[in-house]
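In: Mind folding the following:
(one chain, ligands or ions: 1)
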Amino acid sequence: MTDLFSKFDDLIAMREGLLSTGVTDPFNLVMEKVESPTVAICNGRRTILLGTYNYMGMTFDPDVIAAGKKALDEFGSGTTGSRVLNGTYVGHRAVEDALKDFYAMDHAMVFSTGYQANLGIISTVAGKGDYVILDIDSHASIYDGCAMGNAEIVPFRHNDIEALEKRLKRVPEGAGKLVVLEGVYSMLGDIAPLKEMIAVSKANGAMVLVDEAHSMGFIGEHGRGVAEAQGVIDDVDFIIGTFSKSVGTVGGFCVSNHRKFEILRLVCRPYVYTASLPPSVVATAATSIRKLLDSKAKRDHLWENSKRLHAGLRQLGFTLGTDEPQSAIIAVIMPDLETGAAMWEALLKEGLYVNLARPPATPAGMTLLRCSLCAEHSSEQVEEILGMFAAAGRATGCT
Ligand SMILES: Cc1ncc(COP(=O)(O)O)c(C=O)c1O
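Out: Predicted coordinates for the structure are as follows:
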């Protein structure tokens, strides 16, 4: 019998090698108690959270929590059904209305996760014979959507406008073309030159999908994302987003002005063949999204945090993913996985949680300590974080 697990042997050996050094498993941490968007108890210790996607700190918002509790009482714990059968409650419509208002778009379709939103929209609109031209550093859910739809996948070099144009020009005449971009790339925290890329895509007859998972709520005048900040949101055919980051719960969505958009509800398999989100989740999401419409003060504070952390880490001598802060994500580049894991553990001992990211999730084989800031981090907490990085850097010889 062939051992179907033998394909994982290299990974198993790498993991065992890392753990045999005595380091705490960086991919198995348990949050014993979560006190706020920025503080949890891990290994019995108060820990500042700098590795969540809780950018706008909505998880403990009193209105959000109250809406979830009310929906739980009034509608029960789950829908036990697909959106196209018994799984559309008033709450699902209400969250889609909140999204339409938030993005000022005609249509909104909610999925059970952001992963499923990419999987569903990409696989349904780009089928066999169509071409998906995508940034090589695209999220796994984008690649999986392409594979599921059976479209031709044409990757281009990260954020390279000329490379995108070249690939577009090589697509056979008459073939369907979908360009897929992200607003913020979550590993290095850099943003895409959407203005130029969308112009090139449109000039070459492509539809454009932008995944704004890491920018919603924070970037752009109304928090609609990088396409809004760069003045090109009206040229985007599909915006994909998630409730698992700034919105502070779970779920995914697509908004669009396409006049035939609603047909997707009948033909999109990751929408049709799965249970809809629980009523409490859609109620928390709708409340959170409506509050995010009016969150300028939070957005301003989050930018301050991002600038303060970026400047401070640079001053300490760390190598960062971007020269300037471009989003709420600041990536600290580590020389290798062993040093990254040692630094991750030293930070945890100091009382700080960050994400340790490694290939294949990261570009160019990098090991990263990914810091994601929250609008609820106080300026004092950011200073405390910098002190922890200084101490951990000294302890591990990283700085
Ligand atoms: C760019 C991007 N798209 C989609 C997703 C999937 O979101 P979800 O957590 O809602 O499945 C993620 C999650 O990390 C992401 O980074």
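In: The residue in the stretch 1-150 of the chain positioned nearest to the ligand: neighbour count?
Out: Taking C-beta to the nearest ligand atom, the ligand has its nearest neighbour within the stretch 1-150 of the chain at residue 114, 2.6 Å off. In short, each C-beta sits where N, CA and C put it, glycine included. Number of residues near residue 114 (other C-beta atoms under 10 Å) recorded here: 23.
In: again with residue 208
Out: By the measure other C-beta under 10 Å, the count of residues near residue 208 is 23.
In: do the same with residue 181
Out: Residues within reach of residue 181, counting by other C-beta under 10 Å, total 26.
In: go on, residue 90?
Out: Counted with other C-beta under 10 Å, the neighbours of residue 90 add up to 13.
In: repeat for residue 53
Out: By other C-beta under 10 Å, 19 other residues sit near residue 53.
In: tell me the pLDDT at it?
Out: The model reports residue 53 with a pLDDT of 96.
In: Not including adjacent chain positions, what is the nearest residue to it?
Out: The shortest distance from residue 53 to any non-neighbouring residue, by C-beta to C-beta, 6 or more residues apart in numbering, is to residue 245 (3.8 Å).
In: Look at stretch 217-237 and report the distance between its end residues.
Out: One end of stretch 217-237 to the other measures 20 Å (C-alpha to C-alpha, to the nearest Å).
In: What residues does residue 348 make contact with?
Out: Contacts for residue 348 were tallied using C-beta atoms under 8 Å, 6 or more residues apart in numbering; they are 24, 29, 42-43, 47.
In: Tally up the residues packed near the closest residue to the residue of the stretch 1-150 of the chain closest to the ligand other than its chain neighbours, please.
Out: Using C-beta to C-beta, 6+ apart and skipping the chain neighbours, the partner closest in space to residue 114 is residue 242 (3.0 Å). Counted by other C-beta under 10 Å, the residues lying close to residue 242 total 26.
In: Relative to residue 141, how far out is residue 242?
Out: To residue 141, residue 242 is 10 Å away according to C-beta to C-beta, to the nearest Å.
In: list residues touching both of the two?
Out: The contact sets of residue 242 and residue 141 overlap at 114, 117 (C-beta under 8 Å, 6+ apart).
In: avg pLDDT for stretch 328-340?
Out: pLDDT averaged over stretch 328-340 gives 95.
In: That one: which residues count as buried?
Out: Of the residues in stretch 328-340, 328-334, 337, 340 count as buried by neighbour count, 16 or more other C-beta atoms under 10 Å.
In: Return the closest of those residues with respect to residue 188.
Out: Here the nearest of these to residue 188, counting by C-beta to C-beta, is residue 331; it sits at 4.9 Å.
In: Keeping just the C-alphas, turn the helix or strand harbouring the closest one into CSV.
Out: Assigning secondary structure by DSSP states H and E places residue 331 in strand 329-334. What follows is strand 329-334 as a C-alpha-only set of coordinates in CSV (Å, rounded to 0.1, in the frame of the first residue of the first chain):
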residue,chain,number,x,y,z
ILE,A,329,0.7,45.1,8.8
ILE,A,330,4.4,45.6,9.5
ALA,A,331,6.5,42.6,8.6
VAL,A,332,9.9,42.0,10.3
ILE,A,333,12.1,40.0,8.1
MET,A,334,14.1,37.2,9.9
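In: Shouldn't residue 250 be within a helix?
Out: No: in this structure, residue 250 is coil, not part of a helix, as judged by DSSP: H, G, I helix; E, B strand; the rest coil.
In: Got the phi and psi for it?
Out: Backbone torsions for residue 250, taken as degrees, to the nearest 10, come to phi -140, psi 150.
In: Same question for residue 154.
Out: Per-residue torsions, residue 154: phi -120, psi 100 (degrees, to the nearest 10).
In: what residues are up against it?
Out: So residue 154 contacts 131-134, 167, 170-171 (C-beta under 8 Å, 6+ apart).
In: Buried ones among the residues you listed?
Out: Using 16+ other C-beta under 10 Å, the buried ones in the contacts of residue 154 are 131-134, 167, 171.
In: returning to what we had before: list the contacts of the residue of the stretch 1-150 of the chain closest to the ligand.
Out: 141, 213, 240-244, 251-253.
In: Sort out for me which of the residues you listed are in strands.
Out: 240-242, 252-253 (DSSP state E).
In: on that earlier part again, just the ones of the contacts of residue 348 in strands?
Out: 42, 47.
In: The protein: helices as residue ranges?
Out: 9-19, 62-75, 90-103, 114-125, 140-149, 161-170, 194-203, 226-229, 264-267, 269-272, 279-292, 296-315, 337-350, 379-396 (DSSP state H).
In: Buried ones among the contacts of residue 348?
Out: Neighbour counting with 16+ other C-beta under 10 Å marks 29, 42, 47 as buried within the contacts of residue 348.
In: Hmm, the residue nearest to residue 114 is touching residue 248, no?
Out: No: when contacts are counted by C-beta atoms under 8 Å, residue 242 is not listed as touching residue 248 (10.6 Å).
In: Where in this protein is the helix or strand with the lowest mean pLDDT?
Out: When each helix and strand of the chain is scored by mean pLDDT, DSSP states H and E, helix 9-19 comes last, with a mean of 90.
In: for that helix, which positions count as buried?
Out: Going by neighbour count (16+ other C-beta under 10 Å), the buried part of helix 9-19 is residue 18.
In: that older thread, which one of the buried ones among the contacts of residue 348 sits closest to residue 355?
Out: Using C-beta to C-beta, those come closest to residue 355 at residue 29, 10.1 Å.
In: Next, the closest one: phi, psi?
Out: For residue 29, the backbone dihedrals (degrees, to the nearest 10) come out as phi -80, psi 140.
In: same thing with residue 251?
Out: For residue 251, the backbone dihedrals are phi 140, psi 170 (criterion: degrees, to the nearest 10).
In: what's the spacing between it and the ligand?
Out: Using C-beta to the nearest ligand atom, to the nearest Å, residue 251 is found at 7 Å from the ligand.
In: is it true that that residue touches residue 244?
Out: Yes: using C-beta under 8 Å, residue 251 is in contact with residue 244, at 7.2 Å.
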